[in-house]
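Participant: attaching a predicted model along with its sequence, questions to come.
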Amino acid sequence: MRRFVLLVAVVAIAAAESRFTRVSAQTRTLTVAAASDLQAAMPEVVKGFEREAKATVTVSFGSSGNFFAQIQNGAPYDVFLSADIDYPRRLVASGHADTSSLYQYATGRIVLWTRKDSGVDISGGLRSLTGAQVMRIAIANPKYAPYGRAAEAALRYEKIYDAVHGKLVLGENISQTAQLVDSGNATVGIIALSVAAGPTLRAHGTFVEIPAATHPPIDQAAVIISASARKPLAREFLAYLKRPQVSEHLHKFGFAAGR
Amino acid sequence: MDWQAIALTARLAALVAVILLVISLPLAHWLTFSRRRWTFLVESIVSLPLVLPPTVLGFYLLMAMGTRSPLGRWWTESTGHPLAFTFEGLVIASVLYSLPFAVQPVAAAFAQIDPSLREASATLGASGFRTFARVTLPLSIEGVIAGLVLSFAHTVGEFGVVLMVGGNLPGITRTVSISIYDHVQALEYQQANQTALVLLAFSMLVLMAVYGLRRRPWAAAPIA
């Protein structure tokens, strides 16, 4: 009897599963891996595309390095929006992404951010970091996070890297770096303008833009994954990203236009 | 190989294991032998880290240590620096995180002691502490060692909490698991592999020690 029940359960699950896959194959769906600096800007882009293309888009946010490793190991994404251009290029070189799809959709900007109640005046830009009130400075890990590399380059450009090196704490990605400051554990942080412009951080703090000349440009590129089974829709999505109104929207969320 | 991270992790885990030993003995004793009705409440709290994802614990700790919480403000004012991103901060986080791994084996061992032995000790005039030191503790030494080893090992394997409150400072908060994660993120798979292998071998040794201990190969004859 118990075996019979088990059998019925297995058959029922299998039937439900196959029905589910058939349904999802009929609707147009796209899975996008997006760098976490896009978290605030993406929902509206996705909504606009879904309405127009009559498709469903699922977005996973995470660190570009993680996505890079996952895609190399066969992760089922259709499109990868990286926070830099190096990872997409390497995916193209190794045959995991389509060469012709490589598109630089934006350029990231970095800002100095602090909570309104931190009592630290950051109007002097990076040079205010040497003050004694600044105990901890959060940046993304320069070893693998594009924004972290830009932060370190800017500190070196201003020749204060050695002076503030002992105050640096490292976040795993740019959102987590923002959390370290927003929770009041780090005094200030060097984070993406796109994160600082998001609703939460905008309400909690103030920021000063760090001049683009102080660091190599944070070029951000998108690619279509070679193993994708939905390339036509993926191409439609990239074409949508190239529209002027999308660039404008991204600009509003702290991205400069792609070069 | 990141020896600095390995040394730091060993120091952290050893300190946490010792602190947890000191905490878990009275706590497990109280949980096992107290007749109060609400021991189950404390038991549940102690076991929470088993169930909660490290991200939840890490998030709460980050909030508690930050200047937005009274606790965080008090610590920052009295020590001059925030508790997050320090070795002490990691010790506190790890003690909370590994608490059930220290308390549960000890409490289980206490519960297995024949009550008549403790009662006999009491009727012969031994104080509560003397009964604990001469009867309860010797009879449950395996559970105590298991708790010590498990809390050490569990602290070594900690990742999510350290990622959230550590700040990745070499020699201070960059533990082995963070170091491995960094190498993987930077696509340095070979270095990641080397350090990971050390951790794998270590974990296997610890588990062999715990399970080997449980079999008690040296016991001359079964007591029952």
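Facilitator: Now that the structure is in, tell me what you want to look at. A quick note: this is a predicted structure, and the numbers were derived from the prediction, not measured.
Participant: avg pLDDT for stretch A:250-259?
Facilitator: When pLDDT is averaged over stretch A:250-259, the result is 84.
Participant: give the buried residues for that stretch.
Facilitator: A:250, A:253, A:254, A:255, A:256, A:258 (16 or more other Cβ atoms under 10 Å in any protein chain shown). From N, CA and C alone the C-beta is placed, and that goes for glycine too.
Participant: what's near enough to touch the residue nearest the centre of chain A?
Facilitator: When Cα atoms, centre = their mean is applied to chain A, the residue found nearest the centroid is residue A:35 (2.0 Å). Neighbouring residues of residue A:35 by Cβ atoms under 8 Å, 6 or more residues apart in numbering or on different chains: A:61, A:62, A:63, A:64, A:67, A:81, A:82, A:83, A:220.
Participant: out of these, which are inside strands?
Facilitator: A:61, A:62, A:81, A:220 (DSSP state E).
Participant: so what's the residue count around the first one?
Facilitator: Number of residues near residue A:61 (other Cβ atoms under 10 Å in any protein chain shown) recorded here: 17.
Participant: ok, residue A:105 to residue A:129 distance?
Facilitator: Remark: distance between residue A:105 and residue A:129 (Cβ to Cβ, to the nearest Å) = 31 Å.
Participant: shouldn't residue A:224 be within a helix?
Facilitator: No. Looking at residue A:224 with DSSP: H, G, I helix; E, B strand; the rest coil, it is strand, so not inside a helix.
Participant: just to revisit the earlier point, filtering the contacts of residue A:35 by proximity to chain B, which remain?
Facilitator: Among those, the ones lying near chain B by Cβ under 8 Å from any Cβ of the partner chain are residue A:63.
Participant: pLDDT below threshold where in chain B?
Facilitator: Within chain B, the segments meeting pLDDT under 70 span B:214-224.
Participant: ranges for the helices of it?
Facilitator: B:3-33, B:39-51, B:54-65, B:70-79, B:87-111, B:115-123, B:128-131, B:137-139, B:141-156, B:160-166, B:176-185, B:189-215 (DSSP state H).
Participant: swap in the stretch 101-250 of chain A?
Facilitator: A:146-157, A:161-164, A:174-182, A:193-196, A:199-204, A:231-241, A:244-252 (DSSP state H, counting those that start in this stretch).
Participant: tabulate the buried residues of stretch A:250-259 (CSV), appending distance to chain B and secondary structure.
Facilitator: As requested, the buried residues of stretch A:250-259 are exported to CSV (distance: Cβ to the nearest Cβ, whole Å; DSSP: H, G, I helix; E, B strand; the rest coil):
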residue, distance to chain B, secondary structure
A:250, 26, helix
A:253, 25, coil
A:254, 24, coil
A:255, 23, coil
A:256, 26, strand
A:258, 25, coil
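Participant: which bits of the stretch 1-150 of chain A sit near chain B?
Facilitator: So far as Cβ under 8 Å from any Cβ goes, the stretch 1-150 of chain A lies against chain B at A:63, A:65-66, A:68-69, A:115, A:117-118, A:135-136, A:138, A:141, A:143-144.
Participant: so which of those residues wins on neighbours?
Facilitator: Neighbour max across the residues of the stretch 1-150 of chain A next to chain B (other Cβ under 10 Å) = residue A:138, 28 neighbours.
Participant: ok, that residue - contacts?
Facilitator: Here residue A:138 is in contact with A:168-171, A:177-178, A:180-181, A:185-186, A:188-191, B:167 (Cβ under 8 Å, 6+ apart).
Participant: show the buried residues in the residues you listed.
Facilitator: A:168-171, A:177-178, A:180-181, A:185-186, A:188-191, B:167.
Participant: and chain B, which of its residues are near chain A?
Facilitator: So far as Cβ under 8 Å from any Cβ goes, chain B lies against chain A at B:62-63, B:65-69, B:72, B:81-82, B:84-85, B:163-165, B:167-169, B:181-182, B:184-187.
Participant: residue B:43 versus residue B:28, what's the distance?
Facilitator: 10 Å.
Participant: more crowded one of the two?
Facilitator: Taking other Cβ under 10 Å, residue B:28 and residue B:43 do not tie; residue B:28 has more neighbours (25 against 16).
Participant: quick check: that one touching residue B:103?
Facilitator: Yes. Residue B:28 is within contact range of residue B:103, at 5.1 Å (criterion: Cβ atoms under 8 Å).
Participant: what number of residues lie near residue A:226?
Facilitator: 16.
Participant: with residue B:197 instead?
Facilitator: So residue B:197, with other Cβ under 10 Å, has 11 neighbours.
Participant: one more: residue B:186?
Facilitator: 15.
Participant: and the residue nearest to residue B:209 when sequence neighbours are not counted, what does it touch?
Facilitator: Sequence neighbours aside, residue B:149 is the residue nearest to residue B:209 in space, at 6.2 Å (criterion: Cβ to Cβ, 6 or more residues apart in numbering or on different chains). Residue B:149 is in contact with B:17, B:206, B:209, B:210, counting by Cβ under 8 Å, 6+ apart.
Participant: redo that, cut-off 10 Å
Facilitator: Residue B:149 is in contact with B:17, B:101, B:102, B:105, B:206, B:207, B:209, B:210, B:213, counting by Cβ atoms under 10 Å, 6 or more residues apart in numbering or on different chains.
Participant: separation between it and residue B:47?
Facilitator: Counting by Cβ to Cβ - residue B:149 and residue B:47 are separated by 19 Å.
Participant: next: residue A:129.
Facilitator: 43 Å.
Participant: between these two, which has more neighbouring residues?
Facilitator: Higher neighbour count among residue A:129 and residue B:47: residue A:129, with 23 against 14, using other Cβ under 10 Å.
Participant: surely the more buried one meets residue A:186?
Facilitator: No. Residue A:129 lies out of contact with residue A:186 (Cβ atoms under 10 Å); the separation is 11.4 Å.
Participant: measure stretch A:65-84 end to end?
Facilitator: 10 Å (Cα to Cα, to the nearest Å).
Participant: among the ones in strands among the contacts of residue A:35, which one lies nearest to chain B?
Facilitator: residue A:62 (11.1 Å; Cβ to the nearest Cβ).
Participant: list the residues that contact the closest one.
Facilitator: So residue A:62 contacts A:33, A:34, A:35, A:36, A:39, A:70, A:172, A:173, A:175 (Cβ under 10 Å, 6+ apart).
Participant: which of those residues fall within strands?
Facilitator: A:33, A:34, A:35.
Participant: just the C-alpha atoms of stretch B:13-25, please, in PDB.
Facilitator: Extracted in PDB, the C-alpha atoms of stretch B:13-25 (Å, rounded to 0.1, in the frame of the first residue of the first chain):
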ATOM      1  CA  ALA B  13      38.600  28.700  16.600                       C
ATOM      2  CA  ALA B  14      40.700  27.800  19.700                       C
ATOM      3  CA  LEU B  15      39.700  30.900  21.600                       C
ATOM      4  CA  VAL B  16      36.000  30.400  20.700                       C
ATOM      5  CA  ALA B  17      36.200  26.700  21.700                       C
ATOM      6  CA  VAL B  18      37.600  27.600  25.100                       C
ATOM      7  CA  ILE B  19      35.100  30.400  25.700                       C
ATOM      8  CA  LEU B  20      32.200  28.100  24.600                       C
ATOM      9  CA  LEU B  21      33.500  25.400  27.000                       C
ATOM     10  CA  VAL B  22      33.300  27.800  29.900                       C
ATOM     11  CA  ILE B  23      29.800  28.900  28.900                       C
ATOM     12  CA  SER B  24      28.400  25.500  27.900                       C
ATOM     13  CA  LEU B  25      29.200  23.600  31.100                       C
END
